[in-house]
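> Sequence below, structure please.
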Amino acid sequence: MPHLISTDTQHLAAAADRLGFGIPGFAHPLVAPAEWAELTRPQTPLHWTVLNVANGPGSRPDPHCLAAAGRLRNGGVRVLGSIDMAYGARSFGELVSDAHRYLDWYKADGFYLDRCPTERTALPEVRRVTTTLRALLDEAHVVLGHGTHPYQGYVEAADQLVTFTGPWSDYRWSQAAEWTGDHPAERFCHFVHSVPRGHLDEALRIARWQGASTIYFTDRTDRDGQADPWAAMPGYWDEIVSRIGPGVSE
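Next up is the predicted model:
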């Protein structure tokens, strides 16, 4: 039984209605063409997808990534450029340079700041970065990829926070930070790998009760850290799409 934080049934119903996917980033379109093509299917409840060309925007424009991003954007899906913050180790200039490349080469709709710091002391520098990104692109959608609950002040620095990234074995017993209950579900994202098909309903209930409206669940595993569980589509993609598609709620 997972730890839950809310008993507000109206809030939970609203969160269920808004549930949709954030795609952490498939493999390169040449390696995973079926995955990228599937994201253009009409009525798929997609909030956004991450474009990660080569651990960032790469050193030169990639025509295959540009084409994949263009098809999604033409279908009304936000495409976010992945920028690695390396937990605060990369310089401000490096991060802004990556952002410019995503905008110039791929017409990104926003940014996914991977490996974002979580501690209070790093917040001013993260806020400096996100403020600059929004100055570069009006209405940029900015997601902080913490992977765990950060200091609560981060919620004001971006549109969304990823407050869980990890395996099902941890997620099923997870507990949302109490402060998240003061904010709407659309501010939070959960990415969970190694989720067995038989536990999809339970995983969806946890996301709803913990107040996260953007999710990505997959049966792919990280093979003890030796593989990227997000690189390929889950084997039960059609099933999970049907469970949270338009008009579906619990």
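> Toward the C-terminus, what is the element adjacent to the lowest-mean-pLDDT helix or strand in the chain?
None of the helices or strands of the chain scores lower by mean pLDDT, DSSP states H and E than helix 9-18, at a mean of 48. The element immediately downstream of helix 9-18 (helix or strand, assigned by DSSP states H and E) is strand 20-23.
> Beyond that following strand, next helix or strand please.
Following strand 20-23 in sequence, per DSSP H and E, is helix 33-38.
> contacts for the helix or strand just after that following helix?
Sequence order places strand 46-51 as the next helix or strand after helix 33-38, per DSSP H and E. Outside strand 46-51, the residues that touch it by Cβ atoms under 8 Å, 6 or more residues apart in numbering are 20-26, 39, 65, 68-69, 72, 77-82, 102, 106, 108-110, 112, 141, 143, 213-214. All C-beta spots, glycine's among them, are computed from the backbone N, C-alpha and C.
> got it, and stretch 216-236?
21-27, 31-32, 34-35, 38, 167, 189-197, 200, 203-204, 240.
> now those: which count as buried?
Neighbour counting over the contacts of stretch 216-236 (16 or more other Cβ atoms under 10 Å) leaves 21-26, 32, 35, 189-195, 200, 203-204, 240 as the buried ones.
> returning to what we had before: strands - which of the contacts of strand 46-51 land there?
Where those overlap with strands, as defined by DSSP state E, the overlap consists of 20-23, 78-82, 110, 112, 141, 143, 214.
> Among those, which one sits closest to residue 97?
residue 81 (11.7 Å; Cβ to Cβ).
> Contact partners for the closest one?
50-51, 57, 98-99, 101-103, 106, 108, 110-112.
> try 7 Å
Residue 81 sits next to 51, 57, 99, 102, 106, 108, 111-112 when contact means Cβ atoms under 7 Å, 6 or more residues apart in numbering.
> quick one: which of the residues you listed is nearest residue 209?
Using Cβ to Cβ, the contacts of residue 81 come closest to residue 209 at residue 112, 25.1 Å.
> Mind listing the residues bridging to that closest one?
Legend: beta-bridge partners of residue 112 under DSSP bridges are residue 82, residue 143.
> cool, residue 50 as well?
Beta-bridge partners, per DSSP bridges, of residue 50: residue 80.
> Count the residues that sit near it.
23 (other Cβ atoms under 10 Å).
> Please report the distance of it from residue 127.
Going from residue 50 to residue 127 by Cβ to Cβ, to the nearest Å gives 21 Å.
> Equivalent analysis for residue 204, please.
Taken as Cβ to Cβ, the span from residue 204 to residue 127 is 33 Å.
> can you check residue 237 too?
Distance from residue 237 to residue 127, by Cβ to Cβ: 36 Å.
> just the helices in the protein please.
Taking DSSP state H as the criterion, the chain contains helices spanning 9-18, 33-38, 63-74, 92-106, 123-136, 168-171, 200-210, 237-244.
> Spit out the contact partners of residue 166.
Here residue 166 is in contact with residue 192 (Cβ under 7 Å, 6+ apart).
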